[in-house]
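S.K.: Let's see this in three dimensions:
(one chain, ligands or ions: 1)
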Amino acid sequence: MNPKHELDNILKASRRPFSTEERRFIEEAFTFAVQAHEGQERKSGEPYVTHSIAVAKILADMGMDKETLAAGLLHDVPEDTEHTLEEVSKRFGTEVASLVDGITKLGKIKLRGSHEEYFLENLRKMFLAMASDIRVVIIKLADRLHNMRTLDALPPEKRQRIARETMEIFAQIANRLGISEIKGELEDLSFRYLDPEHYEEMRKVEETYIREGKSYLERVMQQLRKELEGDGIKIIAIDGRTKHLYRLFRKLEKHDMEVSRVYDLIAVRIIVPEIVDCYETLGAVHKRYRPLVGRIKDYISLPKPNGYQSLHTTVFGPEGRIFELQIRTQKMHDEAEYGIAAHWIYTEKERGGWRQFVFGRKAATTGKPKEVAWVAQLREWQKEVGRDDEEFLRGLKIEFFKNHIFAFTPKGDIIELPEEATPVDFAYAIHTEVGEHAVGAKIDGKMAPLDSVIKNGQVVEILVAKDRKKPNADWLRFVKTSSAKAKIRRAQREEDAERESGKK
Ligand code: MN
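M.R.: Okay, here's the model as predicted:
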């Protein structure tokens, strides 16, 4: 291992142009990590610090800041070396120390107990870490990604357990954070250990498809570029993407393993400057290539719950072959690949200069930086209920991993809810007051009971009565969101307390 070379690699991987001062800071963390792990080896026989370096490289590639990179380099120092957290704090400041501490705490997970207990314990720690500093979880994902890439060095029984945990917890969290690149790789790496037969099968499908489809894709992209530019559309980039193996498998399962029925095996991605260009491009494409009915999706007007935005369409392309097109802006693209990391970067205000460099154009900086809605929600929930409330955690688990829907207020505001949510959940999501005074609901203009199930895209109007004072305890039987549940309970407790004091 050549230290100078490795440090350069980290800095080169960064999507962020670091100042001389920042580079020096990272270099110091690097040198300290190398020295602290001196003489330690990984199971593979490599120097231990190669792991810390790999983690920092993944973080650099995501465009994370100098503190996160330093914490990535130092994340195993207090746990595995004689150097303490205090020492890290003295040398690199409290911000880095608190990130390292967060990761160390995440790492200390009890291994006894049932799978369910273990699962919940893991989740609880991840949620707590997320609510305090989302960067802790991002470092943890990078750590897990490198451990998965080198899983072969561990004995087979351990591989299984770690792969399962990665699939069930870490990939899900990456997904919810919108970091699709890491999610895809974590899933594929786990898939390989959990279901080696199907993994092999998918690799063969991919091989056949790539050999056979690559030249077609090249031709299509060339032709499309010419046609679109002929229409006066400015294209920033056009490229092809292949599906991750695990996603391919899940999709094929849904279609009786018939490859010919999966239309997004090949996808062409077009990146254009502005939102209006996205729609213009879609029109220009449809003018030439007939779209498949029911496969035009506007995730720009109606983003996916993890924030994903793009226009999707599937067309009969040149030579009559079917393929998918994804059209988006550069910002949407960065957010699709790097999710909350990009989001966090875009909303970071202090270092104005680099943003332009990284993303090619300046992001809008009007208004208060908007946090991904559920992170803010998470914080609010934690204030509302005790941190160790097991039931709350179970509820959160369902909410976190369940598919989400969007419903609209009559004014057109979007409310995000878990699947099967009811008008009461909707009412509480608008405001506690609305929830407490709800007496009825209209869904798409028709009266509907408060326990009806809201479907994606429906318009919900909540009817309120001012004289209604307390929520109905019966609602607890059907509400789906932890937030509504907690608020109904709290109102009940207050009522009980009033009754108690009234007796005296
Ligand atoms: Mn580690």
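S.K.: list the helices and strands the helix or strand harbouring G502 packs on?
M.R.: Mapping G502 onto the secondary structure by DSSP states H and E places it in helix 482-503. Where contact means 3 or more C-beta pairs under 8 Å, 6 or more residues apart in numbering; DSSP states H and E, helix 482-503 is packed against helix 373-384, helix 390-401, helix 423-430, helix 432-436. (Glycine included, C-beta is placed from N, CA and C.)
S.K.: what's the angle from the third one to helix 482-503?
M.R.: This means helix 423-430. 90 degrees (axes from the mean of the first three to the mean of the last three C-alpha atoms, to 10 degrees).
S.K.: Would you mind confirming that F323 is in contact with M221?
M.R.: No: the criterion here is C-beta atoms under 8 Å, and F323 misses it with M221 at 10.5 Å.
S.K.: which one of these two has more residues nearby?
M.R.: Counted by other C-beta atoms under 10 Å, F323 and M221 do not tie: F323 has more neighbours, with 22 against 16.
S.K.: Now do the phi/psi pair for that one.
M.R.: The phi and psi torsions at F323 (degrees, to the nearest 10) take the values phi -150, psi 160.
S.K.: okay, it: pLDDT?
M.R.: With respect to pLDDT, F323 scores 87.
S.K.: if I pick it, what's in contact with it?
M.R.: Contacts for F323 (C-beta atoms under 8 Å, 6 or more residues apart in numbering) come out as L217, V220, Y263, D264, L265, I266, A267, V268, T314, V315, G317.
S.K.: From those residues, which land in helices?
M.R.: By the criterion of DSSP state H, membership of the contacts of F323 in helices covers L217, V220.
S.K.: Could you export the contacts of F323 to a markdown table, including columns for distance to the ion?
M.R.: Formatted as a markdown table, the contacts of F323 follow (distance: C-beta to the ion, whole Å):
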| residue | distance to the ion |
| --- | --- |
| L217 | 38 |
| V220 | 42 |
| Y263 | 40 |
| D264 | 35 |
| L265 | 35 |
| I266 | 37 |
| A267 | 34 |
| V268 | 38 |
| T314 | 41 |
| V315 | 45 |
| G317 | 45 |
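S.K.: Give the intersection of the neighbour lists for F323 and M221.
M.R.: Residues touching both F323 and M221 by C-beta under 8 Å, 6+ apart: V268.
S.K.: do you know how far L302 is from the ion?
M.R.: Plainly put, L302 is 39 Å away from the ion if you go by C-beta to the ion, to the nearest Å.
S.K.: now R288
M.R.: For R288, the distance to the ion - C-beta to the ion - is 50 Å.
S.K.: which residues touch that residue?
M.R.: Contacts for R288 (C-beta under 8 Å, 6+ apart) come out as E227.
S.K.: could you say which helix or strand contains the residue lying closest to A13 once chain neighbours are set aside?
M.R.: Setting aside the residues directly before and after it, A13 is nearest to A60 in space (C-beta to C-beta, 6 or more residues apart in numbering), at 4.1 Å. Assessed by DSSP H and E, A60 sits inside helix 49-61.
S.K.: packing partners for that helix?
M.R.: Identification of packing neighbours for helix 49-61 by 3+ C-beta pairs under 8 Å, 6+ apart yields helix 3-13, helix 20-36, helix 66-74, helix 134-149.
S.K.: counting contacts, what elements does the helix or strand that comes right after the third one pack onto?
M.R.: Counting by DSSP H and E, the next helix or strand C-terminal to helix 66-74 is helix 77-80. For helix 77-80, the contact count by 3+ C-beta pairs under 8 Å, 6+ apart identifies helix 20-36, helix 85-107 as packing neighbours.
S.K.: mean pLDDT for those helices: which is lowest?
M.R.: The weakest mean pLDDT among those belongs to helix 85-107, with a mean of 92.
S.K.: Distance from the chain centre to that helix, please.
M.R.: Its chain's C-alpha centre and that of helix 85-107 lie 24 Å apart, by C-alpha atoms, centre = their mean, to the nearest Å.
S.K.: Could you list every helix and strand in contact with it?
M.R.: Under the contact criterion of 3+ C-beta pairs under 8 Å, 6+ apart, helix 85-107 touches helix 20-36, helix 66-74, helix 77-80, helix 115-132, helix 134-149.
S.K.: Does the ion have contacts with that helix?
M.R.: No: using C-beta under 5 Å from the ion, helix 85-107 never reaches the ion; the gap is at least 7.5 Å.
S.K.: And for that helix, what's in contact with it?
M.R.: Residues outside helix 85-107 that contact it (C-beta under 8 Å, 6+ apart) are 25, 28-29, 32, 67-68, 70-71, 74-75, 77-79, 125-126, 129, 132-133, 135-137, 139-140, 143.
S.K.: And what about E461, helix, strand or coil?
M.R.: Using DSSP: H, G, I helix; E, B strand; the rest coil, the structure places E461 in strand.
S.K.: which element is the residue lying closest to it once chain neighbours are set aside on?
M.R.: Leaving aside its chain neighbours, E461 sits nearest to K442 (4.3 Å; criterion: C-beta to C-beta, 6+ apart). K442 belongs to strand 438-443 when assigned by DSSP H and E.
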